[in-house]
Every structure is written in structure tokens, then in C-alpha cells.
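**Q** just a sequence and a predicted model for now, questions to come.
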Amino acid sequence: VDVATSVAHTAGLRGDAALPVNADAIERLGQNARHRGLAHAARASEQIRMVQPALRQRIRQRLHHVLLAHQRSEVAWAVFAREHQITLSYEQAGVNYDLIDPLKVAAQRAAAATGAHLAAHGFSEVTASRGESAYVVDVGPFYLASIVECLGSKALVADEMHRLTGKSYYDRIAQDTIAMAINDLITVGATPLVVQAYWAAGGSEWFADTQRANALVAGWKHACDVCGVAWGGGETPALAGIVEAGRIDLAASCTGIINPKERLSVGDRLAPGDAIVLLASSGIHANGLSLARKLVERLPQGYLTQVLPGLTYGDALLAPTVLYSPVTEALFKAGVMPHYCANITGHGWRKLLRHPASHTYRIHTVPEVTPVLKFIQQHAHQDDREAYSTLNMGAGFALFVKAEEAQRTVDVSRRQGVEACIAG
């Protein structure tokens with residue numbers, strides 16, 4: 001049942017043609033159930049998750065004392081089960097970029113006016129880096145790049161899986177957080193140097209769980225070691241009243257160096273004929289989790305629903321994000337200078353089109369979609385347009401290189417343990 005759009009249907013009481021069911025009809029279900037024998041009340045009340053919260057409560061109240069004929073149970077089951085066939089979009093899961101992006105644009109415009117302050121120190125900004133995934137400053141002999149990123153809601157999945165399994169996933173969550181920052185930083189050709197941590201908990205009690213806290217520290221250090229960066233420090237505030245009790249908000253900032261300056265990659269060299277090389281993802285990474293968490297409501301065993309034999313939905317979601325800086329550093333050592341890069345995060349494959357120049361992007365080969373992303377697309381009933389506009393669909397990072405360097409790019413990436421393909 002889709003209350004918002006009134007598109008759900010159910011069979012009529014006497015085998016009539018399918019009838020539309022809208023919000024008013026669902027409300028009347030509670031009013032009419034006592035007289036018309038729609039369904040077994042207990043069975044119906046199990047399947048009201050899709051109804052808006054206030055409406056759910058009214059239905060529960062009206063059905064609570066009603067004992068309906070067992071032979072009508074399948075009719076009410078059909079009313080409520082139709083919800084699982086409705087497309088679940090990122091916006092329905094609570095993320096609407098049409099509302100978020102105007103603020104980002106306004107902030108970018110205001111920020112651009114502050115770049116002139118660098119001149120007082122003898123420095124200048126690289127104007128083309130405005131709106132890119134990292135900000136670049138010209139300090140003379142080399143460039144400096146910087147970025148700050150948060151993890152988002154993936155920690156909520158880790159918390160729920162800990163409740164269900166007793167296992168801590170915060171070593172993985174730590175890598176996800178660092179990857180959000182580093183994978184953005186390297187798009188402009190930077191070598192990551194320093195990472196800072198921001199761990200804001202809903203209260204001091206969060207840090208008292210030593211298993212969880214130690215996993216976070218160990219995972220953070222491991223990710224720094226993989227990327228060859230220094231962990232400079234961080235902030236660990238207890239923000240009761242701002243962050244929900246028992247929760248934590250994770251973020252990371254990263255500073256890098258672009259040296260030599262020829263490594264700068266802001267798209268000024270992007271040209272017709274360049275090859276698009278896609279680097280494989282490990283799963284959902286850390287974007288699309290609001291949708292993935294909303295989908296749990298449709299799954300028979302929630303996070304413990306199996307995606308593949310032996311692999312639960314929760315475990316698959318918590319596969320750590322790939323760290324791509326070892327690949328970009330290896331490419332530099334191999335003499336490959338990307339003309340442009342894109343970290344495929346929010347907006348999915350639309351990130352391939354983020355450069356402001358007018359180009360046509362031709363894709364002839366798509367990477368294999370990871371099992372968890374196939375599972376999400378199937379159970380959220382998303383067509384390819386919706387899925388590829390929201391999720392990474394098997395590609396976590398894009399490199400735009402000279403056509404003659406495309407195969408070498410793939411080979412270098414594979415030597416670093418990251419699958420790659422020439423996509424277009």
C-alpha cells in the first residue's frame with residue numbers, strides 16, 4: 001500500500017475487480033472491519049508498517065478488539081503486502097538532494113568570496129577546484145589540498161548488527177570514515193599527508209564500551225597505514241542533546257600535497273577521446289545507507305536476511321569502503337597522469353558527469369554489480385535509472401585518462417588489488 005500516491009490495489013470482498021486503496025480507504029478499514037469481515041485482525045496488524053505512523057495507530061486501535069472471519073484473512077494480507085512491490089527511492093528514505101543542493105550552492109558562492117584572503121599570505125586558490133571534491137591552494141612550489149567528510153548513517157547499521165550478533169564492526173566503520181575524506185582528496189591529484197578525526201558521541205558512556213572504542217581506534221590506524229598518512233589528532237566531544245544517546249557521529253578531515261604541480265587534476269585537460277576507467281567498489285560503501293536502512297522494513301529477517309548463502313544483508317552493507325589512494329599513488333609512479341577523477345558517492349553514476357564542460361560520455365562496459373547492490377535494487381523495485389542515479393552499482397571511483405594509457409591504468413589498479421575496467 002502506497003499511502004502517498006494511492007497506487008496500491010487489493011482484491012474486492014467477493015472476487016470483484018481490483019479496487020484502488022488510498023489513505024481514506026485504509027482509514028475506513030478500521031471502521032468497517034467489524035461489520036464486513038475483511039481479515040483476521042492479528043494478521044492484518046502485522047502488516048501495517050507501510051502506513052503513515054498516525055494512521056497506523058488508528059488502524060491498530062480499531063482492529064484491536066475485532067475478531068474477523070479466518071476465511072477473509074488473505075484479502076487483508078493482500079492490502080498490506082502490496083507495499084513491498086512499490087519502488088523505494090532515496091527521497092522516500094529521507095534524502096532529497098533538491099532540498100540539500102541549494103544550500104551547498106549558496107555556501108560555495110559565499111566561500112568563493114573569501115579566497116582573496118590568501119593573497120595576504122602570498123598564496124592563491126586554484127579557482128577550478130571550487131566545486132570539486134577537494135579545495136586546492138597554490139603555495140608556490142607545490143599545491144595543498146584539503147577536505148572534510150562525515151560518515152553519514154552507516155554507524156546505525158553497525159550498532160544494529162552489534163545488537164543482533166554481539167560483534168563490533170567499528171574497525172570497518174573507521175575505514176569507511178577515512179575513505180570518505182581520502183577518496184575525495186585524491187580526485188584532484190593529491191597525495192594524502194595528514195588525517196584528523198572527529199568522533200562526536202551522544203554521551204560519555206559511548207566511550208565506556210572498550211570493545212567498540214578499541215575497534216574504532218584500531219580500524220582508524222589500519223586505514224592510515226594502508227594510505228601512508230599520519231593521524232594528526234582529533235576531537236572527541238560528548239554531545240548529549242545534540243547526538244542521540246548511544247550513537248556517534250564520525251567525520252574526518254584530510255590534507256594532502258600535489259607535487260609536482262603537473263599532478264593537479266581539475267579537468268582542464270579532459271578531452272574528447274579520453275578513456276573512462278572504473279575502479280571496483282566493495283559494496284554500498286558509505287552512500288545510499290538511508291535507502292538501505294529503510295529497505296530493512298521490507299525484509300523478512302531484517303538485517304539478518306541472507307543476500308547470499310552465509311552472507312547477511314547487514315554484513316554485506318558493512319563491507320568497508322575501498323581506499324583508492326594506493327592506486328592513484330601507484331599510477332603516478334607508473335607515469336600515468338589522470339586528466340580527471342570522480343569519487344562515485346552520492347548521486348551515483350551522475351558523478352561521472354560532474355565536470356562543468358559540455359561533453360558526451362559514452363559507456364560501453366559496466367562493471368559487475370556487487371551482490372548487496374543487486375539485492376537493494378531488486379527489493380527496492382528500482383529501475384536502472386534510479387539505481388545508477390543513487391548507488392555506485394559496482395564502481396567506486398572513475399579515472400579519465402588518455403586512451404593509450406587506459407589498459408596500463410587497469411593493470412596498475414589490479415596490481416594494487418582493486419579490480420578495474422575500461423568502461424567508455
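**A** Great, that's in hand.

**Q** quick check: the gap between the spatially closest residue to Gly203 that is not a sequence neighbour and Asp209.
**A** Spatial nearest neighbour of Gly203, excluding adjacent residues (Cβ to Cβ, 6 or more residues apart in numbering): Ala240 at 4.6 Å. For every residue, glycine as well, the C-beta is placed using N, CA and C. Distance of Ala240 to Asp209, computed by Cβ to Cβ, to the nearest Å: 16 Å.

**Q** help me confirm that Ala251 is found in a helix?
**A** No - when DSSP: H, G, I helix; E, B strand; the rest coil is applied, Ala251 is found to be strand, with no helix at that position.

**Q** show me what contacts it?
**A** The contact partners of Ala251, taken as Cβ atoms under 8 Å, 6 or more residues apart in numbering, are Val148, Glu149, Cys150, Leu151, Thr177, Ala197, Tyr198, Ala200.

**Q** take the residues you listed and keep only those in helices.
**A** With helices taken from DSSP state H, the overlap with the contacts of Ala251 comprises Thr177.

**Q** closest to Ile100 out of the contacts of Ala251?
**A** The shortest approach to Ile100 among these belongs to Cys150, at 13.3 Å (Cβ to Cβ).

**Q** what's the neighbour count on that closest one?
**A** 15 (other Cβ atoms under 10 Å).

**Q** go on, the one 4 residues further on?
**A** As a burial measure, Lys154 scores 28 neighbours (other Cβ under 10 Å).

**Q** next one: phi and psi at it?
**A** When quoted as degrees, to the nearest 10, the phi and psi of Lys154 stand at phi -60, psi -30.

**Q** what does the one 5 residues further on give?
**A** Dihedral angles phi and psi of Asp159 (degrees, to the nearest 10) take the values phi -60, psi -40.

**Q** show me what the helix or strand encompassing Met180 is packed up against.
**A** Taking DSSP states H and E as the criterion, the element that holds Met180 is helix 170-185. Helices and strands touching helix 170-185, by 3 or more Cβ pairs under 8 Å, 6 or more residues apart in numbering; DSSP states H and E, are strand 143-150, helix 154-165, strand 191-201, helix 210-227, strand 248-258, helix 325-333.

**Q** winner for burial among the ones you listed?
**A** When you average the neighbours per residue for each of these (mean count of other Cβ atoms under 10 Å), strand 248-258 leads with a mean of 22.

**Q** just after that one, pick out the following helix or strand.
**A** Defined by DSSP H and E, the subsequent element after strand 248-258 is strand 275-280.

**Q** in the very next helix or strand once past that next one, what's buried?
**A** Next helix or strand after strand 275-280 toward the C-terminus (DSSP H and E): helix 289-295. By neighbour count, with 16 or more other Cβ atoms under 10 Å as the criterion, the buried positions of helix 289-295 are Leu289, Ser290, Leu291, Ala292, Arg293, Lys294, Leu295.
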